[in-house]
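> Pasting a predicted model and its sequence here:
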There are 2 protein chains.
Amino acid sequence: MDILTLIKTRRSIRKFKKKSIQKETIENILEAARWAPSGLNNQPWRFIVLDGGLKDKIAEYTKYSYIIKSADKIILVFLDKTSSYHYEKDLLAIGACIQNMLLYIHAIGLGACWLGEILNRRDEIKKFLGLEENLELQAVLAIGKPAIFPKKATRKKLEELIINDYAKL
Amino acid sequence: MDILTLIKTRRSIRKFKKKSIQKETIENILEAARWAPSGLNNQPWRFIVLDGGLKDKIAEYTKYSYIIKSADKIILVFLDKTSSYHYEKDLLAIGACIQNMLLYIHAIGLGACWLGEILNRRDEIKKFLGLEENLELQAVLAIGKPAIFPKKATRKKLEELIINDYAKL
């Protein structure tokens, strides 16, 4: 599938089939993550992969727990503040890193949901997992084999996104 | 090219050939951008595409002006604060949006450099372009046909990115 089609057909998957994701697949997802660009190549992203009971404990920290419970595995994405050189640019880089994972996951016929609401309780999760102070949770990706694949998705028109005075391409 | 190879072979391009990018190509690049995910699907990204003399004026706001001058076109990526619902998550979304563009650009044999240092003078650029207060510059992408394509790139090993206590995939 060409990259533009891949980008446009990706959807947030919220319900998954009972099917295990292999270790090699997770390694490839993280390989996609690892090759994202970052300012000064500082690579501020860090990861924890969870499944089973520990995954379901993380589900308790979001109102979207059904998505995490339905998923086979979750990837917690952190900013390592000791690697940070510029907080805003680090977040942009982590966004690029997450998108690499989402595109790879979609390309191999799996699905993911990028969970953000869970960040409201990021400090409790850090405490629960016993993590160091420098690790700041930025996203949780719930991953599995899609059970329901939403067809429709909406986006603003290009005309709404190009700033008017400079609308001519 | 499969998505993992595409991700791993992308490089920052800093020197470009004299070759015009067609309007349709820019539209496709922005189409890739437009389909990025964002929290609550708020799509906080906005764009300005510049070339010629106006592009070269923007070059004056960065120490990497040679990259902008060498590029055929630049895309300025803004956060529209009136679309914002959560500043951090908006930046993550814009990072995903930028990565979509970088991957598409690489896939079609063009190249880009994601410029961040220029943000130091984002307010001056906003004033120069006469933009509204709500538009905050987040990145400039310099785009063109690569004249030099760097082969080597380095990344941390996966073992360094997975948080130790949970290293087992």
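Ah, there it is.

> helices or strands next to the one helix or strand residue A:48 maps to in the packing?
Secondary structure assignment for residue A:48, by DSSP states H and E: strand A:45-51. The contact analysis (3 or more Cβ pairs under 8 Å, 6 or more residues apart in numbering or on different chains; DSSP states H and E) places strand A:45-51 against helix A:23-34, strand A:73-80, helix A:87-107, helix B:158-161. C-betas here are computed from N, CA, C, even on glycine.

> try 10 Å this time
When contacts are defined as 3 or more Cβ pairs under 10 Å, 6 or more residues apart in numbering or on different chains; DSSP states H and E, strand A:45-51 packs onto helix A:23-34, helix A:52-58, strand A:73-80, helix A:87-107, helix A:122-129, strand A:135-146, helix B:158-161.

> dump the residue contacts of residue A:141.
Shown in contact with residue A:141 (Cβ atoms under 10 Å, 6 or more residues apart in numbering or on different chains): A:29, A:33, A:47, A:49, A:71, A:73-77, A:98, A:101-102, A:105, A:112-115.

> ok, the nearest residue to it once chain neighbours are set aside to residue A:112 distance?
Of all residues not flanking residue A:141 in the chain, residue A:75 sits nearest, at 4.5 Å (Cβ to Cβ, 6 or more residues apart in numbering or on different chains). Computed as Cβ to Cβ, to the nearest Å, the residue A:75 to residue A:112 distance reads 9 Å.

> okay, now the one residue in chain A that gets nearest to chain B: neighbour count?
Nearest residue of chain A to chain B: residue A:95, at 2.2 Å (Cβ to the nearest Cβ). Residues within reach of residue A:95, counting by other Cβ atoms under 10 Å in any protein chain shown, total 30.

> Pretty sure it sits against residue B:102.
No - applying Cβ atoms under 10 Å, one finds residue A:95 not in contact with residue B:102, separated by 11.9 Å.

> In which helix or strand does the closest residue to residue A:40 other than its chain neighbours reside?
Closest residue to residue A:40 apart from its sequence neighbours, by Cβ to Cβ, 6+ apart: residue A:85 at 5.8 Å. According to DSSP H and E, residue A:85 maps onto no helix or strand at all.

> Run through chain A and note the low-pLDDT ranges.
A:165-169 (pLDDT under 70).

> Find the helix or strand that the nearest residue to residue A:41 once chain neighbours are set aside is a member of.
Using Cβ to Cβ, 6+ apart and skipping residues adjacent in sequence, the residue nearest residue A:41 is residue B:154, 7.1 Å away. Under DSSP H and E, no helix or strand contains residue B:154.

> what number of residues lie near residue B:154?
6.

> That one contacts residue A:43, correct?
Yes - at 9.4 Å, residue B:154 counts as touching residue A:43 under the criterion of Cβ under 10 Å.

> Report how far apart the opening and closing residues of stretch A:47-60 are.
19 Å (Cα to Cα, to the nearest Å).

> Just the buried residues of it, please?
A:47, A:48, A:49, A:50, A:51, A:55, A:58, A:59 (16 or more other Cβ atoms under 10 Å in any protein chain shown).

> quick check, nearest of those residues to residue B:120?
residue A:47 (30.4 Å; Cβ to Cβ).

> Just list the residues touching that closest one, thanks.
A:26, A:29-30, A:33-34, A:75-78, A:97, A:101, A:141, B:158, B:161-163, B:166-167, B:169.

> That one and residue B:161, how far apart?
In terms of Cβ to Cβ, residue A:47 sits 6 Å off from residue B:161.

> shared neighbours of those two, which are they?
A:30, A:33, A:34, A:78, A:97.

> Of those residues, which are in range of chain B?
Restricting the shared contacts of residue A:47 and residue B:161 to those touching chain B (Cβ under 10 Å from any Cβ of the partner chain) yields A:30, A:33, A:34, A:78, A:97.

> Would you mind listing the two of those that lie farthest apart?
Longest distance between any two of these is 14.1 Å, between A:34 and A:78; criterion Cβ to Cβ.

> picking that back up, more neighbours, residue A:75 and residue A:112?
Using other Cβ under 10 Å, the more surrounded residue of residue A:75 and residue A:112 is residue A:112, with 30 against 23.

> Give the bridge partners for the more buried one, please.
Beta bridges link residue A:112 to residue A:12, residue A:143, judged by DSSP bridges.

> Then residue A:73?
Beta-bridge partners of residue A:73, as defined by DSSP bridges: residue A:51, residue A:143.

> What is the burial count for residue A:19?
11.

> Could you verify my assumption that it touches residue A:70?
No - using Cβ under 10 Å, residue A:19 makes no contact with residue A:70, being 11.3 Å away.

> Can you check which residues contact both of those two?
With Cβ under 10 Å, 6+ apart as the test, residue A:19 and residue A:70 both reach A:144, A:147.

> Can you say which of the helices and strands packed on strand A:45-51 is packed in most?
helix A:87-107 (a mean of 25; mean count of other Cβ atoms under 10 Å in any protein chain shown).

> by how many degrees do that helix and strand B:135-146 diverge?
60 degrees (axes from the mean of the first three to the mean of the last three Cα atoms, to 10 degrees).

> How far does helix A:87-107 sit from its chain's centre?
Distance of helix A:87-107 from the chain centroid (Cα atoms, centre = their mean, to the nearest Å) equals 7 Å.
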